[in-house]
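1. Please find the sequence and the predicted model below.
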Amino acid sequence: MTAIRKKWYERIPHPVVMLFAIIVFAAILSYLLPAGVYERELIDGRQRVIPGSYKNITSTPVSFLDMFKALPMGFKTASDIIFVVLASGIMFGILEKAKMVENSVGTIVKNLGLERKYFIVVIMTFVYGFLGVAIGYENNIAMVPIAAVMSMALGGDLVLAAGISVGAITVGFGLSPINPYTVGTGHTIAEMPLFSGWMLRSVVCFFALALLAYYNVRYFKKISKDRSKGLGEGLDESGLKLSQKLETYRITSNNWLLIGIFFAGIVLMLYGVFTYHWYLKEIAAIFVMIAIASGIAARMSGTEISETALKSIGVVAPGAFMVGYATSIKEVLEMGNISDTIAFNLAEVLSGLPIYASAVSMSLGQSILNLMIPSGSGQALATLPIMIPLGEIIGLTRQTTILAFQIGDGVTNLFNPALGGLIAMLSFCRVPFDRWLRFITPLALMILVMAWVFLIFSVYINWGPI
């Protein structure tokens, strides 16, 4: 009897297995690669690599015990974002319990009409994309569950919800013309006008979001014709579906009060982020404040609030776990002192390529590094001080080098299992990573090719100002 060959997506291991394999691989590399470091200087409170300062040091291979010690170290390093995930889950759980989200989404869909459902998907994709462009990444975690309820109300599934929210936030943030972590850090290192070249970057970002909107609508049409062809079959949709007929929905006075509390908290958070440079601790604190205020406003008892909080933590706990787990990769690389070695050797390989191939290969190289150093600003501080001078030797402008870095970092965030924020957001949509890979991989490849076309164009026009 002939064995049935598995399709590629049926061979995708669980993300816990994938990440552990990367951790083991990083530990093995510490035995194969020489340990090395660049000297660093403190610029605006952050450590930046000094170009040309790389030197080999005594090898520091990661022992079997140290490889496992990296796990608790990773959780300690990622503790802030882990609590953001937990706090966001508690906040949404209480808003869900009070029926604020369901009533609001049901009323919006009723007023717009189901006949405009594909148009709504396009608009929501761009709305979430704008949130990624303008607000950031982890800052938007609290907005993801709204897309889940919206998708279910329109007749979609949870994978479509992830495409609308997680996909759009990731694309918008990764290719944002004003991304402070990648573009901003890059321009600071390159001593260029902050966010210069925004027009071309905006075009790249818009076309990427347009591709995503088209992709989401095409998937929606496919599952509208035959639900069995979707990737959301069997996923837990409890609490996310509308519980009554669409025409019966209205926003109650108490719902309006909760909406006011929610948006007042979000506005306060954004004010603090942009004015006082608040980050994860402050964001988590605001989410907890919204949760408590909403529970009181919804006239929930202390016991109800407590039980809802614990139940909500149970829902988002896998995503919170994956955040700390993924951070362990960085800890292994640092113990082995091979992060700088990888960056140094990447630069050596690129120096011998033709100019157009160098630009695309630089982007590919950053994509590989992104699997091990998922922090955009961390990558920028570690690699751009090396890549920018190298690019000038090859013939690339500083703008093009930074664009190559941004594309490599930003697009691969769509399928990077080491990016804790991505895994956390997917957990809010209750979408397993293997199903997300099946959904997003073709789109990610399309966006990469499109972005590389613009990258080659930037080389062709010798894109400035420097």
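-> Thanks, I have the structure now.
2. who touches residue 201 in this structure?
-> By Cβ atoms under 8 Å, 6 or more residues apart in numbering, residue 201 lies in contact with 175, 176, 177, 183, 403, 406. From N, CA and C alone the C-beta is placed, and that goes for glycine too.
3. now with 6 Å?
-> Contact partners of residue 201, counting by Cβ atoms under 6 Å, 6 or more residues apart in numbering, are residue 177.
4. Which pLDDT value goes with it?
-> At residue 201, the predicted lDDT confidence score is 95.
5. Give me the distance between residue 138 and residue 421.
-> 5 Å (Cβ to Cβ, to the nearest Å).
6. more crowded one of those two?
-> residue 421 (27 against 23; other Cβ atoms under 10 Å).
7. And that one, which helix or strand is it part of?
-> Per DSSP states H and E: residue 421 is located in helix 420-429.
8. can you pull the pLDDT of residue 88?
-> What the model reports as pLDDT for residue 88 is 89.
9. That one touches residue 285, doesn't it?
-> No: counting by Cβ atoms under 6 Å, residue 88 does not reach residue 285; the two are 11.9 Å apart.
10. Among these two, which residue is more densely surrounded?
-> residue 88 (30 against 16).
11. OK, contacts around that one?
-> By Cβ under 6 Å, 6+ apart, the neighbours of residue 88 are 141, 142, 287.
12. Could you name the specific helix or strand carrying the last one?
-> Under the assignment given by DSSP H and E, the secondary-structure element containing residue 287 is helix 280-297.
13. hmm, back to that, okay if I get the contacts of residue 88 as a markdown table plus neighbour count, pLDDT and distance to residue 31?
-> Output for these, formatted as a markdown table (neighbours: other Cβ atoms under 10 Å; pLDDT from 0 to 100; distance: Cβ to Cβ, whole Å):
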| residue | neighbour count | pLDDT | distance to residue 31 |
| --- | --- | --- | --- |
| 141 | 28 | 87 | 37 |
| 142 | 24 | 83 | 43 |
| 287 | 25 | 92 | 43 |
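14. Pick the one among the residues you listed closest to residue 416.
-> residue 141 (16.4 Å; Cβ to Cβ).
15. SS state for that closest one?
-> helix (DSSP: H, G, I helix; E, B strand; the rest coil).
16. Just give the closest residue to it, not the sequence neighbours.
-> Once flanking residues are discounted, residue 141 sits nearest to residue 88: 4.6 Å by Cβ to Cβ, 6 or more residues apart in numbering.
17. can you map out the strands along the protein?
-> Ranges of strands within the chain are 36-37, 40-43, 46-49, 55-56, based on DSSP state E.
18. Can you list the buried residues in the second one?
-> The one in question is strand 40-43. Neighbour-count burial for strand 40-43 flags residue 40 (criterion: 16 or more other Cβ atoms under 10 Å).
19. do stretch 450-462 as well
-> For stretch 450-462, the neighbour count (16+ other Cβ under 10 Å) marks 450, 451, 452, 454, 455, 458, 459 as buried.
20. For residue 144, see how far away the third one is.
-> Put plainly, it is residue 452. 29 Å.
21. Could you do the second one as well?
-> Using Cβ to Cβ, residue 451 is found at 24 Å from residue 144.
22. Buried residues, the helix holding residue 287. List them.
-> 280, 282-295, 297.
23. Then stretch 241-249?
-> Per 16+ other Cβ under 10 Å, stretch 241-249 contains these buried residues: 242, 249.
24. Touching it from outside, list them.
-> 103, 106, 107, 110, 152, 153.
25. how far does that stretch stretch from start to finish?
-> Stretch 241-249 has an end-to-end distance of 13 Å (Cα to Cα, to the nearest Å).
26. Would you mind checking the average pLDDT for that stretch?
-> Mean pLDDT, computed over stretch 241-249, is 87.
27. please begin residue numbering at 31 from this point
-> In the new numbering, first residue 31, that becomes stretch 271-279.
28. Centre of the chain to it, how far?
-> In terms of Cα atoms, centre = their mean, to the nearest Å, the centre of stretch 271-279 is set 32 Å apart from its chain centre.
29. From residue 315, how far off is the closest residue to residue 152 other than its chain neighbours?
-> The shortest distance from residue 152 to any non-neighbouring residue, by Cβ to Cβ, 6+ apart, is to residue 243 (4.6 Å). Distance, residue 243 to residue 315, using Cβ to Cβ: 34 Å.
30. Over to residue 239?
-> 31 Å.
31. try residue 122
-> 16 Å.
32. How about residue 343?
-> Between residue 343 and residue 315 the distance is 17 Å, computed by Cβ to Cβ.
33. Residue 141 - how many residues pack around it?
-> Around residue 141 there are 8 residues (other Cβ under 10 Å).
34. so what's residue 395 up against?
-> residue 376.
35. Nearest residue to residue 162 in space, please, no chain neighbours.
-> Residue 162 sits nearest to residue 202 (Cβ to Cβ, 6+ apart), 2.7 Å away.
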